[in-house]
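Colleague: What would the 3D arrangement of this be:
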Amino acid sequence: MKIVIGQGSCGIAAGAEKVRNALINENINCEISITGCIGMCYLEPIVDIYTDSGELTRLVKVSENDAKAIAEYVNSGDISSVETLIVSDEDKGFLEKQTRIALRNCGIINPEEIDAYFAADGYSALKKAVCTMSPEDVIEVIKTSGLAGRGGAGFPTWFKWNVARQSEGDEKYLICNADEGDPGAFMDRAVIESDPHNLIEGMLIGAYAIGAKHAVVYVRAEYPLAIKRLKRAIEQASEKGIIGNNIFNSNFSCDFTIKAGAGAFVCGEETALIESLEGHRGMPRLKPPFPAQSGFWRKPSNINNVETFANVGWIINNGGEAFASMGTEGSKGTKVFAVTGKVKRSGLVEIPMGKTLRDVIFDIGGGMKGDKPFKAVQMGGPSGGCIPADLIDTVIDYKALGATGAIMGSGGMVVMDESTCMVGMAKFFLDFTAKESCGKCIHCRIGTKRMLEMLERITKGEGKNGDIELLEELCYSIKDGALCGLGQTAPNPVLTTIKYFRDEYEAHINNKKCPAGECSDLIEYVINKDKCVGCTLCARNCPVDAIRGTVKQPHEIDQSKCIKCGKCYSSCKFNAITKE
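Modeller: This is a model prediction of the structure:
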C-alpha cells in the first residue's frame with residue numbers, strides 16, 4: 001500500500017503536517033508520500049490510500065488522532081476502522097463533475113519529485129515541440145486551440161506569441177505572471193504548489209515558440225511554499241537537462257529565474273510587473289509600445305499567467321482541436337475557479353466554458369451553507385462585479401459574463417447569501433483597490449478614495465440624496481480616465497451593486513437601515529422581554545457591560561454602551577435577542 005497526504009497550503013493550514021508526522025510515528029510498513037491540493041479544500045486534511053493494484057480509499061477531515069486507525073486499516077485491511085473518514089458519494093461528485101486540464105496532476109502526483117511528473121507523461125509535450133515542430137507550428141496549434149489568456153483579459157494567446165516571435169531582436173523574454181492578488185483567488189498558487197513542472201513545461205514551450213532564451217516567473221512573495229517547490233522543480237529540471245542548453249539535444253536553450261514580488265496588486269498589470277522586475281516601483285507604462293515589442297529591459301517580451309501556461313503541454317500533446325472542442329464559440333477550453341464564500345464546498349473547480357454559474361455553485365459547490373437563499377456571486381475580484389440571483393443561469397464565457405457588468409477575471413468566485421450587505425461588499429473591494437492604487441494617475445489615485453469615502457458614509461447611515469448618482473458619475477469618469485486596468489475596472493463592484501441592488505443603497509441612505517443587518521452602525525440589538533428568561537448568558541458575554549438585569553428577570557441593552565459586536569445575539573439560547 002501507499003499513503004499520500006495532501007500538502008498544499010490549504011492542507012497544511014488544516015493540519016496535514018501534523019497528520020503526516022503522526023502517521024510516520026506509527027511505523028506503518030508502507031510508503032508515505034505527499035501531494036498538492038486536489039481542490040477539495042473544504043475537506044482538508046485529505047489522506048489517500050492506494051492499494052498495490054491502484055485502488056483508492058480517500059479519507060477526509062483527518063486529524064493526527066486518526067493515525068492509529070489508519071495504521072490499523074493499512075496493516076489489517078479492515079476498513080471499518082476508518083469508515084467514518086471515507087469521503088461521501090456526494091463529495092466525490094465535486095471532482096467527478098469537473099473536466100481537469102490545468103489541474104490534471106494537482107493532488108495526484110508528488111510536486112517535489114520530477115520522476116512523478118515524468119510518470120504522468122511530463123515533458124513529453126516539450127520534447128514533441130522542440131524535436132518535431134517549428135516555432136510557427138507550435139503557435140498554429142495554440143491558435144487552433146483558441147486558448148485565451150486566463151489572467152482575466154482573455155486575449156488570444158497565439159496572437160501575443162506571434163507578435164513576440166515576429167519582433168526583431170536576438171534577446172527575448174518569456175514571463176509568467178504569478179502575482180495573484182485578487183482576494184479569494186488561489187488558482188495559480190495551487191498549480192505551482194501542486195504541479196510546478198507543468199508550469200515549467202508550458203513556459204519552455206512558449207519560450208521556444210517566441211524565440212526566448214530567458215524565462216522568468218514573477219510570483220508574489222506571500223506564496224513561500226509555491227516558491228520553494230518551484231525552485232526545487234527548476235533545480236531538478238536543470239539536472240535532467242530540461243532547462244539549460246540544447247534541450248532534448250535540440251538547438252533550443254533557455255534558462256529560468258524566479259522573482260518574488262512585493263505583493264502590489266497593480267503588478268498584475270503586465271507593464272507594472274515589468275517595472276517591478278527591473279527593480280523599479282510597480283507602476284504601469286503607457287502603451288504602445290506593447291511588451292511584445294518593448295518589454296523587459298526594453299526587449300521583446302511575452303507575459304501570460306500560470307493557468308494559461310498550465311494548459312499548453314496538454315494542448316501540444318492532444319492537439320488544438322481537442323481543446324477547442326470544449327467551451328463555447330468565443331471561449332474555448334476549460335477555466336479554473338476558486339470558489340469561496342457562503343458555499344458548502346469551497347475549493348478549486350475546473351469546468352469547460354459554457355457551463356453556468358448554477359452548475360458551479362449548486363451542482364459542484366453543493367449550494368449555500370445552511371441552505372440559505374443565494375443572493376449574488378462576485379466574479380473577477382476587485383476588478384469584477386456582483387451577479388445577482390436572478391442571473392444564476394448565466395453562461396460562463398467572456399462575452400456572457402461581460403454582459404452582466406462582471407468579468408471572468410483570473411477566476412475568483414465569491415458566493416454570497418442573504419446576510420451579505422451589497423453596499424458593504426462594494427466598500428470592501430473599493431477599500432482594496434484604493435489602497436493598491438499605484439498613484440500614477442489622478443483618476444485612480446483620487447477617484448477611488450472619494451468613492452470609498454462616500455461608501456463609508458453610506459454604511460454609517462450618513463448617506464445623502466444624490467450620493468448614488470454621484471457615485472455613478474465618479475465610476476464612469478474613473479473608467480474613462482484611468483491609465484491601466486486596475487483603475488479602469490475598480491468601479492465595477494460599485495456599478496454592478498448599484499445596478500442590481502439599488503434598493504439596498506436607498507435603504508441605507510433614506511431609511512438609515514441595512515437590509516442585510518451587516519452594517520454595525522445601522523443595526524440595533526434588542527432584547528424581547530417576553531422571551532428573555534434572565535439566564536444572564538448575554539450579560540456575561542458582553543465585553544462592555546452594556547446589558548443590565550437580574551437573574552431570572554428580563555434583561556435590557558444600554559444602547560449608549562453597545563458596540564454592536566453581536567456576542568449577545570450569538571450567545572442567546574432562547575432567541576430572545578433580535579437584530580433590528
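Colleague: mind checking the backbone torsions on the residue lying closest to Asn162 once chain neighbours are set aside?
Modeller: Among residues not flanking Asn162 along the chain, Ile139 sits closest, at 5.3 Å (CB to CB, 6 or more residues apart in numbering). In short, each C-beta sits where N, CA and C put it, glycine included. Here is the backbone geometry of Ile139 (degrees, to the nearest 10): phi -60, psi -40.
Colleague: What's the local residue count around Ile139?
Modeller: Around Ile139 there are 22 other residues, counting by other CB atoms under 10 Å.
Colleague: and it, what does it touch?
Modeller: Listed by CB atoms under 8 Å, 6 or more residues apart in numbering, the contact set of Ile139 reads Trp158, Trp161, Asn162, Arg165, Ala209.
Colleague: Over to Tyr42?
Modeller: Contact analysis of Tyr42 by CB under 8 Å, 6+ apart lists Lys344, Arg345, Ser346, Gly347.
Colleague: what do you get for Ile142?
Modeller: Applying CB under 8 Å, 6+ apart, we find Ile142 in contact with Thr157, Trp158, Trp161, Ala209, Val312, Ile315, Gly320.
Colleague: Hmm, the fourth one is touching Val163, no?
Modeller: The one in question is Ala209. No: with contact defined as CB atoms under 8 Å, Ala209 does not count as touching Val163 (11.5 Å).
Colleague: quick one, which of those two is more surrounded?
Modeller: Legend: neighbour count by other CB under 10 Å for Ala209 and Val163, higher for Ala209 (28 against 16).
Colleague: need the contact list for the residue nearest to the more buried one when sequence neighbours are not counted.
Modeller: Distances taken as CB to CB, 6+ apart place Val138 nearest to Ala209, at 4.4 Å, with adjacent residues excluded. For Val138, the contact set (CB under 8 Å, 6+ apart) comprises Ala129, Ile205, Tyr208, Ala209, Ile316.
Colleague: Could you do Gly154 as well?
Modeller: Ala148, Ser331, Tyr398, Met408.
Colleague: One more: Gly151?
Modeller: Taking CB under 8 Å, 6+ apart as the test, what Gly151 contacts is Asn177, Gly268, Asn304, Asn305, Glu307, Thr308, Ser410.
Colleague: any idea which of those is least confident?
Modeller: Among the contacts of Gly151, Ser410 carries the weakest pLDDT, at 83.
Colleague: How much space separates that one from Glu239?
Modeller: Going from Ser410 to Glu239 by CB to CB, to the nearest Å gives 32 Å.
Colleague: The two: which is more packed in?
Modeller: Ser410 (29 against 11).
Colleague: the helices in the stretch 51-200 of the chain, which residues?
Modeller: 67-76, 89-96, 114-119, 124-132, 135-145, 157-166, 187-194, 196-210 (DSSP state H, counting those that start in this stretch).
Colleague: Packing partners of the longest helix anywhere in the chain?
Modeller: Counting by DSSP state H, the longest helix found in the chain is helix 442-459. Applying 3 or more CB pairs under 8 Å, 6 or more residues apart in numbering; DSSP states H and E, one finds that helix 442-459 contacts helix 422-436, helix 467-481, helix 485-489, helix 492-506.
Colleague: Now Arg358: closest residue in space that isn't a chain neighbour?
Modeller: Distances taken as CB to CB, 6+ apart place Ile392 nearest to Arg358, at 4.8 Å, with adjacent residues excluded.
Colleague: any idea how far Val377 is from the one you found?
Modeller: 8 Å.
Colleague: Common neighbours of these two, please.
Modeller: What both Ile392 and Val377 touch, as defined by CB under 8 Å, 6+ apart, is the set Leu357, Ile361.
Colleague: Between these two, which is the more surrounded one?
Modeller: When neighbours are counted by other CB under 10 Å, Val377 comes out ahead of the other of Ile392 and Val377, with 27 against 17.
Colleague: ok so that one is a strand residue?
Modeller: Yes: the assignment for Val377 is a strand, going by DSSP: H, G, I helix; E, B strand; the rest coil.
Colleague: show me the contacts for it.
Modeller: Gly341, Leu357, Ile361, Cys386, Ile387, Ile392, Met413, Val414, Val415, Met416.
Colleague: So the second one versus Ala264, what's the distance?
Modeller: From Leu357 over to Ala264 the distance is 30 Å, taken as CB to CB.
Colleague: Neighbour count: those two, which is higher?
Modeller: With neighbours defined as other CB under 10 Å, Leu357 and Ala264 compare such that Leu357 has more, 25 against 21.
Colleague: Quick one: residues contacting the more buried one.
Modeller: For Leu357, counting by CB under 8 Å, 6+ apart, the contacting residues are Val377, Ile387, Leu391, Ile392, Asp393, Thr394, Ile396.
Colleague: redo that, cut-off 6 Å
Modeller: Ile392, Thr394 (CB atoms under 6 Å, 6 or more residues apart in numbering).
Colleague: can you tell me how far it sits from Lys97?
Modeller: Going from Leu357 to Lys97 by CB to CB gives 14 Å.
Colleague: Same check on Ala260?
Modeller: 36 Å.
Colleague: quick one, which of the two is more surrounded?
Modeller: Ala260 (17 against 14).
Colleague: And the pLDDT at that one?
Modeller: 94.
Colleague: so it bridges to which residues?
Modeller: Val219 (DSSP bridges).
Colleague: got a list of what Gly181 touches?
Modeller: Phe265, Gly268.
Colleague: Give me the local confidence score for it.
Modeller: For Gly181, the predicted pLDDT is 81.
Colleague: re the thing from before, wait, which of the contacts of Ile142 is closest to Ser520?
Modeller: Comparing the contacts of Ile142 against Ser520 with CB to CB places Thr157 closest, at 46.1 Å.
Colleague: what about that closest one, how many neighbours?
Modeller: 26.
Colleague: How about the contacts made by it?
Modeller: Thr157 neighbours (CB under 6 Å, 6+ apart): Ile142, Leu147, Thr308.
Colleague: ditto for Val414
Modeller: Contacts of Val414 (CB under 6 Å, 6+ apart): Gly184, Thr340, Gly341, Gln378.
Colleague: Over to Gly439?
Modeller: Taking CB under 6 Å, 6+ apart as the test, what Gly439 contacts is Arg445.
Colleague: swap the cut-off to 10 Å and go again
Modeller: The contact partners of Gly439, by CB atoms under 10 Å, 6 or more residues apart in numbering, come to Val266, Arg281, Met283, Arg445, Ile446.
Colleague: Disregarding flanking residues, what is the spatial nearest neighbour of Lys564?
Modeller: Nearest non-adjacent residue to Lys564 (CB to CB, 6+ apart): Ser520, at 3.9 Å.
Colleague: Of the contacts of Ile142, which is the nearest to Leu199?
Modeller: Of those, the one sitting nearest to Leu199 (CB to CB) turns out to be Val312, at 9.4 Å.
Colleague: residue ranges with poor pLDDT in the protein?
Modeller: Along the chain, no part satisfies pLDDT under 70.
Colleague: ok, and the closest non-adjacent residue to the most centrally placed residue in it?
Modeller: The chain has Ala185 as the residue nearest its centroid, 1.9 Å off, counting by CA atoms, centre = their mean. Closest residue to Ala185 apart from its sequence neighbours, by CB to CB, 6+ apart: Gly412 at 3.9 Å.
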